[in-house]
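Engineer: pasting the sequence and the predicted coordinates here, then a few questions.
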Amino acid sequence: DAKTTQPPSMDCAEGRAANLPCNHSTISGNEYVYWYRQIHSQGPQYIIHGLKNNETNEMASLIITEDRKSSTLILPHATLRDTAVYYCIVRSNDYKLSFGAGTTVTVRA
Amino acid sequence: KAGVTQTPRYLIKTRGQQVTLSCSPISGHRSVSWYQQTPGQGLQFLFEYFSETQRNKGNFPGRFSGRQFSNSRSEMNVSTLELGDSALYLCASSLRGQAVTYEQYFGPGTRLTVT
């Protein structure tokens, strides 16, 4: 299974863009990158996924490098409610989602 | 549309006992996956059920089992509880299963404490 590496924590100012990096250097050609987040005491919440192309939805944008070895999740205008643990996951060919330690994002007023 | 519900939300058991947790998926969703979350190991996949059949299984001992009913509701059972089983147990549902559907919707979890 492709593993992901994320910084353990990062701070972001409210109203600014938050850029969350993720390395997945062993990703194979047909493995998708997923992002979920988990707000304290709640179950994880799906954010976005992608394979090769950049993706955008109402929550975030996902930028995947051309070699697919890394990606960046962008929260365009962070709010206090975006404070959470963010997980970058590569879905393996056996379809098991392996959540790592994630990045704890703290949005400050 | 109602979200994924899990019951009970909190549970305290003693070592050696067994426990059954319940999950009701979002209406129309046929896949239910179970995860265990602990501070040390993070979120780990237990198993996935689709149309009453187990389709995928994580690396957990046989004490952990599950089933799915015809209405897609699912239960997981842990027998002979150990202290290390103390965790947040999360259930997630998806429309057609992890092999097809990209989004999983998680419930709030059941907090199990084993003493």
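Structural biologist: Sure thing, it's come through.

Engineer: use CA for all of it now, contacts and neighbours both
Structural biologist: OK.

Engineer: how about the residues of chain A by chain B?
Structural biologist: For chain A, the residues in contact with chain B (C-alpha under 8 Å from any C-alpha of the partner chain) are A:41-46, A:49, A:94-101.

Engineer: can you list the low-confidence ranges for chain A?
Structural biologist: For chain A, applying pLDDT under 70 flags the ranges A:1-2, A:93-95.

Engineer: could I get the contacting residues of the spatially closest residue to B:T38 that is not a sequence neighbour?
Structural biologist: Spatially, and ignoring its direct neighbours in sequence, B:T38 is nearest to B:A87 (5.1 Å; C-alpha to C-alpha, 6 or more residues apart in numbering or on different chains). The contact partners of B:A87, by C-alpha atoms under 8 Å, 6 or more residues apart in numbering or on different chains, come to B:Q36, B:Q37, B:T38, B:R111, B:L112, B:T113.

Engineer: widest-spaced pair of the residues of chain A next to chain B?
Structural biologist: By the measure C-alpha to C-alpha, A:S41 and A:D94 form the most distant pair in the residues of chain A next to chain B, at 28.5 Å.

Engineer: can you name the residue of chain B nearest to chain A?
Structural biologist: Of all residues in chain B, the one sitting closest to chain A is B:P108 (4.8 Å; C-alpha to the nearest C-alpha).

Engineer: and the residue nearest in space to the middle of chain B, what pLDDT?
Structural biologist: Residue closest to the average C-alpha location in chain B (C-alpha atoms, centre = their mean): B:W34, at 3.0 Å. Here the pLDDT value assigned to B:W34 is 96.
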